[in-house]
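**Student:** Coordinates only, no sequence provided:
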């Protein structure tokens with residue numbers, strides 16, 4: 001096990017995150033000080049590690065609902081994912097020039113392959129065995145953060161609102177933190193009142209999948225493909241008619257719901273250019289985000305954006321057009337690198353778990369109470 005005295009003095013934690021898009025493992029080495037609204041964190045070093053292409057293809061297929069996989073193949077994929085997470089942690093530390101003995105713990109999200117909080121019984125499943133990560137890295141590891149919240153009747157997501165509240169809340173204005181990953185989700189931070197959070201629907205997952213199918217590129221760099229097309233109002237209306245969008249929070253979703261087959265079913269025999277469909281998908285993301293904010297916190301004055309979507313200038317411009325009452329800007333303007341906010345958040349969740357503090361917010365997830373999240377795997 002890590003030397004507790006040295007680790008406590010250094011206050012270093014390492015967060016690992018691979019989101020719904022499965023476009024890579026985000027690794028963030030973070031130094032924390034303080035608690036609650038007095039929390040301070042410093043991003044010491046960060047890097048994104050690309051998945052092996054064969055592994056990425058398998059993860060995307062599973063995330064989109066594929067179920068024709070043997071138990072042996074699934075077990076091997078679980079170990080492969082865990083080894084990739086551990087190797088990402090070690091490579092980050094090597095690049096930072098920091099020995100692993102200075103890291104108190106790794107907080108690993110894993111890779112979601114199913115998220116069914118509305119099933120009977122409900123469940124969520126993230127690959128990436130914490131035993132393997134702890135053994136390979138030699139660092140205490142906290143993993144499997146979502147399932148305890150689901151067991152307590154919650155959605156298991158989103159889990160970042162408490163972290164967002166500590167670092168990005170303001171006593172002067174109502175704010176919202178918008179994460180544009182594969183799925184979009186909000187943290188609502190009112191001046192007075194309860195912190196809330198929920199998924200709003202697809203962000204990059206659908207756009208990436210459509211872009212890869214029609215261009216061979218894994219994502220639409222800067223939204224150029226979408227910008228070359230025109231929004232189709234009829235298709236947009238059919239997509240917006242999806243009943244999930246009308247559900248009240250708490251709610252969460254994933255690639256197993258919003259995938260290319262879902263899109264194709266609503267396109268039918270419509271003859272549209274691939275670029276027009278991409279433009280419509282981008283508008284779908286911006287519109288559902290704006291509708292959700294208007295319905296839940298209409299007086300929001302600042303929307304702080306993180307996740308890969310912040311690099312899509314076409315999407316950011318569309319969001320600003322749909323939200324004229326608010327300033328839409330990157331979390332970078334407030335000291336948090338947008339590409340690594342979630343990885344930093346899972347480093348923080350590992351810290352909370354080891355301190356015996358709950359990591360969920362029942363008002364966000366719908367759980368029956370606050371719970372200590374994750375399982376600890378000693379090195």
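**Tutor:** Happy to help now that I have it. The structure presented is a predicted model; accordingly, all values stated were derived computationally and were not measured.
**Student:** Can you list the low-confidence ranges for the stretch 51-200 of the chain?
**Tutor:** Scanning the stretch 51-200 of the chain with the threshold set as pLDDT under 70 gives 68.
**Student:** Tell me which stretches of it form helices.
**Tutor:** Remark: helices assigned in the stretch 51-200 of the chain by DSSP state H, counting those that start in this stretch are 53-63, 71-96, 130-137, 147-151, 161-168.
**Student:** can you redo those helices as a markdown table with distance to residue 176?
**Tutor:** (Each C-beta comes from the backbone N, C-alpha and C, glycine too.) Converted to a markdown table, the helices of the stretch 51-200 of the chain look like this (distance: least, Cβ to Cβ, whole Å):
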| stretch | distance to residue 176 |
| --- | --- |
| helix 53-63 | 26 |
| helix 71-96 | 30 |
| helix 130-137 | 32 |
| helix 147-151 | 21 |
| helix 161-168 | 9 |
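**Student:** closest to residue 23 out of those helices?
**Tutor:** helix 53-63 (7.7 Å; Cβ to Cβ).
**Student:** relative to helix 71-96, how tilted is the closest one?
**Tutor:** Helix 53-63 and helix 71-96 meet at an angle of 120 degrees, taking axes from the mean of the first three to the mean of the last three Cα atoms, to 10 degrees as the criterion.
**Student:** buried stuff in helix 53-63?
**Tutor:** Judged by neighbour count (16 or more other Cβ atoms under 10 Å), helix 53-63 contains these buried residues: 55, 56, 58, 59, 60, 61, 62, 63.
**Student:** Quick one: residues contacting the closest residue in space to residue 333 that isn't next to it in sequence.
**Tutor:** Once flanking residues are discounted, residue 333 sits nearest to residue 304: 7.7 Å by Cβ to Cβ, 6 or more residues apart in numbering. By Cβ atoms under 8 Å, 6 or more residues apart in numbering, residue 304 lies in contact with 168, 175, 176, 177, 178, 329, 330, 331, 333, 334.
**Student:** you'd agree the fourth one is up against residue 306?
**Tutor:** Yes: under the contact definition of Cβ atoms under 8 Å, residue 177 touches residue 306, with a separation of 6.9 Å.
**Student:** For those two, list the residues in contact with both.
**Tutor:** Joint contacts of residue 177 and residue 306 (Cβ under 8 Å, 6+ apart) are residue 331.
**Student:** beta partners of the residue nearest to residue 333?
**Tutor:** According to DSSP bridges, the partner residues bridging residue 304 are residue 177, residue 329.
**Student:** Need the pLDDT of it.
**Tutor:** At residue 304, the model reports a pLDDT of 98.
**Student:** next one: residue 4
**Tutor:** 39.
**Student:** So residue 351 is in contact with residue 105, correct?
**Tutor:** Yes: counting by Cβ under 8 Å, residue 351 does reach residue 105; the two are 7.3 Å apart.
**Student:** Measure how buried the residue nearest to residue 125 when sequence neighbours are not counted is and give me the count.
**Tutor:** Excluding the flanking residues, the one nearest residue 125 by Cβ to Cβ, 6+ apart is residue 114, at 4.5 Å. Residue 114: 17 surrounding residues under other Cβ atoms under 10 Å.
**Student:** residues in contact with residue 114?
**Tutor:** By Cβ under 8 Å, 6+ apart, the neighbours of residue 114 are 62, 63, 123, 124, 125, 254, 256.
**Student:** Now tabulate the residues you listed in JSON lines and tack on distance to residue 285.
**Tutor:** Listed next are the contacts of residue 114 as JSON lines, based on distance: Cβ to Cβ, whole Å:
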{"residue": "62", "distance to residue 285": "23"}
{"residue": "63", "distance to residue 285": "18"}
{"residue": "123", "distance to residue 285": "27"}
{"residue": "124", "distance to residue 285": "23"}
{"residue": "125", "distance to residue 285": "25"}
{"residue": "254", "distance to residue 285": "15"}
{"residue": "256", "distance to residue 285": "18"}
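**Student:** Inside strands: which ones of those?
**Tutor:** Counted as lying in strands by DSSP state E, out of the contacts of residue 114, are 123, 124, 125.
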